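Next input, structure requested:
(chains A, B, C and D)
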Number of protein chains: 2
Amino acid sequence: MNSFQSNPVSLKEVANAAGVSVSTASRALNGKANECRISETTETAVQQAAKRLGFRPSRVAQSLRSQRTGLFGAIVPDVANPFFAAIAREITVAAEHSGYSLLLADSHDSTDVEHHVVRQLWQRRIEALLICPVGLVSDHLAELDRAGMPVVLIDRGFCDGRLMNVTSDHQCGAAELTKLLTNQGHTRIGVLQGHPGTLPNDERLAGIRQALIAAGTDLNPKYVRGDQFGEASGYDATRRILGQHPEITALIGLSSENTLGALRAIAEVGLRIPDDLSLVTFDDHPFADYLATPLTTACQDMAELGRLASTLIIDRIESGKRLRKKMHRVPMRIIERASIAKPKQSSHFN
Amino acid sequence: MNSFQSNPVSLKEVANAAGVSVSTASRALNGKANECRISETTETAVQQAAKRLGFRPSRVAQSLRSQRTGLFGAIVPDVANPFFAAIAREITVAAEHSGYSLLLADSHDSTDVEHHVVRQLWQRRIEALLICPVGLVSDHLAELDRAGMPVVLIDRGFCDGRLMNVTSDHQCGAAELTKLLTNQGHTRIGVLQGHPGTLPNDERLAGIRQALIAAGTDLNPKYVRGDQFGEASGYDATRRILGQHPEITALIGLSSENTLGALRAIAEVGLRIPDDLSLVTFDDHPFADYLATPLTTACQDMAELGRLASTLIIDRIESGKRLRKKMHRVPMRIIERASIAKPKQSSHFN
DNA sequence: TTGAAAGCGCTAACAG
DNA sequence: CTGTTAGCGCTTTCAA
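Prediction:
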């Protein structure tokens, strides 16, 4: 009667209760009654017994037997980060939808931890891995892939053509965003960099440069500061750029976190946005419209990233074939708000 | 040599390679060499073979054998919601730390889905369930609990004394928050309600009332509007309160989402915060300091909620004993910002 | 129409 | 010091 039992009911107990053998019970419970020509009588008898005892087949036994766990693994650098949380959500949804369960792990932005949890998940015989990788090398993931495990990299990626990637079109988004600045006449643009060497960072930088060149100028390497995606890096970078290069008229924060640092630094220096300095950024959040200075931004479609990655993985599992195409791009969306003005004639330190 | 193999290497293969029996191999690999007095020679032989073949014991086989999966289940109404994401994060951390893996599911705020995933997790033989439940009844969870599964409810809870709960001290937090308002002379205070009947909602309401009474007045039921935690509900409720009760001088949003709606409605009506209307809310986010009107708030310690819940669960598993104490409270923290002013003499519609 | 038996990969009790 | 055996809960031949 009860749904859950202290000592989970085994098939054997059901079979005994129904007075049949385990094999018959198994068949009756798995809709193989017709196929195996089981009598209506025994079929219902078994079903009754199963219901009465609250039988729930053990998926671990099923997994061992069938060599299929129905498990996805997902690894993100920080579940609490809304960006990764949004991706994780779509993965859970897609997994649940296709009858899979999700083993979620957090790598804390550490390659060591990542290695460790990859091993764990492998031992649990996940059937696919969706990962937002940390670090600059993907050998352990490529190995997994070579071993036949469907793997897809989300957000951070690697262009070596080995693994499947799902990434925003950072270069395009960054170029469009920058164009908004150059259109207003900005040419001396500071960039608050994230982690150099990572795909999003480098592609965004490339996009900025591309737009600057299209506008008849170029990216001044001295205007590029910072080395991490975090708040502190954004703060330091901003202080330094502003201190050393008062001629700068606009700032691009390469992540929403380091833009937070920029906001703090700018407030301390006493500059106003956009009058004294234009500021644009990446990614978005629910409160963006209510900021004191609503920032123009190029934001990623996290839901689509997660969705596309899940679809690719599921197709791969169901078809058994791996796709030729490795890089999958999700377009970014520009949201124009009120953080861009024409550059002032004079530097803001006059 | 390789870490991962297409066809996972079984213990048997290792045993064969090392020229010993599976049991010996098992023992050598599980540090029982001394205990079982295995010769150094064979021990290293087995270890070599295991390493060479890239042996990773199957946790599904181990689980079946030992009847222990080392799996936690977690269910949240929406992983993408930063509040639940933050809780989920601490759970993953605690789980990884104690050698457990985490099966994460999203209930989409639906009791049906919740029921369904609870079943799934049960079939996967999770050893404990941490859940942010949706809905007003907990019978299915109490059943789980009765079946001996450690269960802890986070955020939403039930006071019937059956299940373990970890919840913020909503009443206390709400009372403190309200006191900030009454101290400034506010007495006609509107409340944007969330989902009535849920523990956080009702306790917050109680806290507000308590503070109002302490200030010599009471909560006017007509000033309480809204019926959901979402943005739309907050918007509608604000429009109605403001329209029908111009005498109101302050508003309390019972969730950050419905406060978002309030912000929108207030902007439309053309009121300024805090000059025309004071506004306070619950919960917090990284950009809160940079809002056009930084809101004073009573915020929950999500990390502590997740941590405490995990600790309770792990203690329960390790000790085998269930705690007498059912309700566990995590204090809320008041962050004072700039959204409270003294009430104006006249109503804001004069 | 049903049952007996084998085996998925592992561990542990029991025998040598 | 090590091997044989049984069994976790299930599905699936193979045989009747």
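
tell me the SS of the nearest residue to A:Gly148 once chain neighbours are set aside?
Excluding its sequence neighbours, the residue lying closest to A:Gly148 (C-beta to C-beta, 6 or more residues apart in numbering or on different chains) is B:Ser6, at 4.4 Å. (Glycine included, C-beta is placed from N, CA and C.) Assigned with DSSP: H, G, I helix; E, B strand; the rest coil, B:Ser6 falls in the coil class.

What pLDDT does the model give B:Ser6?
Here, the pLDDT recorded for B:Ser6 equals 76.

what's around it, how many residues?
Around B:Ser6 there are 9 other residues, counting by other C-beta atoms under 10 Å in any protein chain shown.

Report whether the expected contact of it with A:Glu143 is present.
No: at 10.8 Å, B:Ser6 does not count as touching A:Glu143 under the criterion of C-beta atoms under 8 Å.

What segments of chain A are helices?
Remark: helices assigned in chain A by DSSP state H are A:11-18, A:22-29, A:40-53, A:59-66, A:82-97, A:111-123, A:139-146, A:170-183, A:199-214, A:231-244, A:256-269, A:302-319.

Would you mind telling me which of those helices is nearest A:Ala250?
Taking C-beta to C-beta, helix A:170-183 is the member of the helices of chain A nearest to A:Ala250, at 5.0 Å.

returning to that earlier point: could the helices of chain A go into a markdown table alongside mean neighbour count and distance to A:Leu295?
Output for the helices of chain A, formatted as a markdown table (neighbours: other C-beta atoms under 10 Å in any protein chain shown; distance: least, C-beta to C-beta, whole Å):
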| stretch | mean neighbour count | distance to A:Leu295 |
| --- | --- | --- |
| helix A:11-18 | 19 | 59 |
| helix A:22-29 | 19 | 57 |
| helix A:40-53 | 16 | 58 |
| helix A:59-66 | 17 | 47 |
| helix A:82-97 | 23 | 16 |
| helix A:111-123 | 19 | 32 |
| helix A:139-146 | 18 | 34 |
| helix A:170-183 | 22 | 11 |
| helix A:199-214 | 20 | 16 |
| helix A:231-244 | 20 | 13 |
| helix A:256-269 | 22 | 7 |
| helix A:302-319 | 19 | 18 |
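
Kindly state the domain boundaries assigned to chain A.
Under the assignment automatic domain parsing, the domains of chain A span A:11-57, A:70-168+A:302-330, A:170-300.

gap between the two ends of the shortest one?
End-to-end distance of domain A:11-57 (C-alpha to C-alpha, to the nearest Å): 7 Å.

Same question for stretch A:325-342.
End-to-end span of stretch A:325-342 (C-alpha to C-alpha): 42 Å.

cool, and stretch A:159-179?
Taking C-alpha to C-alpha, stretch A:159-179 runs 26 Å from one end to the other.

for stretch A:324-338, same thing?
Start to finish, the residues bounding stretch A:324-338 are 43 Å apart (C-alpha to C-alpha).

For that stretch, what does the pLDDT average out to?
Taken as a whole, stretch A:324-338 has an average pLDDT of 96.

Need the residues that contact it.
Applying C-beta atoms under 8 Å, 6 or more residues apart in numbering or on different chains, the contact partners of stretch A:324-338 are A:157, A:159, A:161-170, A:172-173, A:176-177, A:180, A:274, A:284, A:288-289, A:293-301, A:304-305, A:308, A:312.

before we move on, back to that, contact partners for the residue nearest to A:Gly148?
The neighbourhood of B:Ser6, defined by C-beta under 8 Å, 6+ apart, consists of A:146-148.

Identify, from those residues, the entry nearest to A:His116.
Closest approach between these and A:His116, by C-beta to C-beta: A:Ala147, at 17.6 Å.

thought the closest one was touching B:Arg56?
No: using C-beta under 8 Å, A:Ala147 is not in contact with B:Arg56, being 10.7 Å away.

what sits in contact with each of the two?
Taking C-beta under 8 Å, 6+ apart as the contact rule, A:Ala147 and B:Arg56 both touch B:Phe4.

State which one residue of the stretch 151-300 of chain A is found closest to chain B.
Of all residues in the stretch 151-300 of chain A, the one sitting closest to chain B is A:Ala292 (4.6 Å; C-beta to the nearest C-beta).

Would you check how far apart the nearest residue to that residue once chain neighbours are set aside and B:Met332 are?
Counting by C-beta to C-beta, 6+ apart, A:Ala292 lies nearest to B:Ala292, which is 4.6 Å off, once chain neighbours are set aside. Per C-beta to C-beta, to the nearest Å, B:Ala292 is found 25 Å from B:Met332.

Looking at those two, which one has more neighbours?
Taking other C-beta under 10 Å, B:Ala292 and B:Met332 do not tie; B:Met332 has more neighbours (25 against 14).

which residue sits closest to the more buried one in space, ignoring its chain neighbours?
Leaving out its chain neighbours, the residue that sits closest to B:Met332 by C-beta to C-beta, 6+ apart is B:Gly173, at 3.0 Å.

In this structure that neighbour contacts B:Ile208, no?
No: between B:Gly173 and B:Ile208 there is no contact under C-beta under 8 Å: 10.3 Å.

For chain A, which residues are neighbours of DNA strand C?
By the rule C-beta under 7 Å from any atom of the strand, the part of chain A lying against DNA strand C is A:19-24, A:27, A:36-39, A:41-43, A:64-65, A:67.

so where's the stretch 51-200 of chain A uncertain?
Counting by pLDDT under 70, the stretch 51-200 of chain A shows no low-confidence range.

Identify the residue of it closest to DNA strand C, quick one.
Residue of the stretch 51-200 of chain A nearest DNA strand C, by C-beta to the nearest atom of the strand: A:Arg65 (3.6 Å).

Against chain B, how distant is that residue?
Note on A:Arg65: its distance to chain B, by C-beta to the nearest C-beta, to the nearest Å, is 9 Å.

what sits against that residue?
Applying C-beta under 8 Å, 6+ apart to A:Arg65 gives no contacts.

Tell me the backbone dihedrals of the residue nearest to A:Ala292, please.
Main-chain torsions, B:Ala292, degrees, to the nearest 10: phi -60, psi -40.

what's the spacing between the residue nearest to B:Met332 and B:Gly157?
To B:Gly157, B:Gly173 is 15 Å away according to C-beta to C-beta.

Same question for A:Arg27.
Where B:Gly157 is concerned, A:Arg27 sits at a distance of 43 Å (C-beta to C-beta).

what's the answer for A:Tyr235, then?
From A:Tyr235 to B:Gly157 the distance is 39 Å (C-beta to C-beta).

Repeat that for A:Leu312.
Distance from A:Leu312 to B:Gly157, counting by C-beta to C-beta: 39 Å.

Same question for A:Arg119.
Distance, A:Arg119 to B:Gly157, using C-beta to C-beta: 36 Å.

Mind pulling up the pLDDT for the closest residue in space to A:Gln47 that isn't next to it in sequence?
Among residues not flanking A:Gln47 along the chain, A:Ala28 sits closest, at 6.5 Å (C-beta to C-beta, 6+ apart). A:Ala28 carries a pLDDT value of 95.

need the helices of chain A in JSON lines with distance to B:Arg52, can you?
Formatted as JSON lines, the helices of chain A follow (distance: least, C-beta to C-beta, whole Å):
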{"stretch": "helix A:11-18", "distance to B:Arg52": "39"}
{"stretch": "helix A:22-29", "distance to B:Arg52": "39"}
{"stretch": "helix A:40-53", "distance to B:Arg52": "46"}
{"stretch": "helix A:59-66", "distance to B:Arg52": "25"}
{"stretch": "helix A:82-97", "distance to B:Arg52": "35"}
{"stretch": "helix A:111-123", "distance to B:Arg52": "17"}
{"stretch": "helix A:139-146", "distance to B:Arg52": "16"}
{"stretch": "helix A:170-183", "distance to B:Arg52": "42"}
{"stretch": "helix A:199-214", "distance to B:Arg52": "35"}
{"stretch": "helix A:231-244", "distance to B:Arg52": "44"}
{"stretch": "helix A:256-269", "distance to B:Arg52": "44"}
{"stretch": "helix A:302-319", "distance to B:Arg52": "30"}
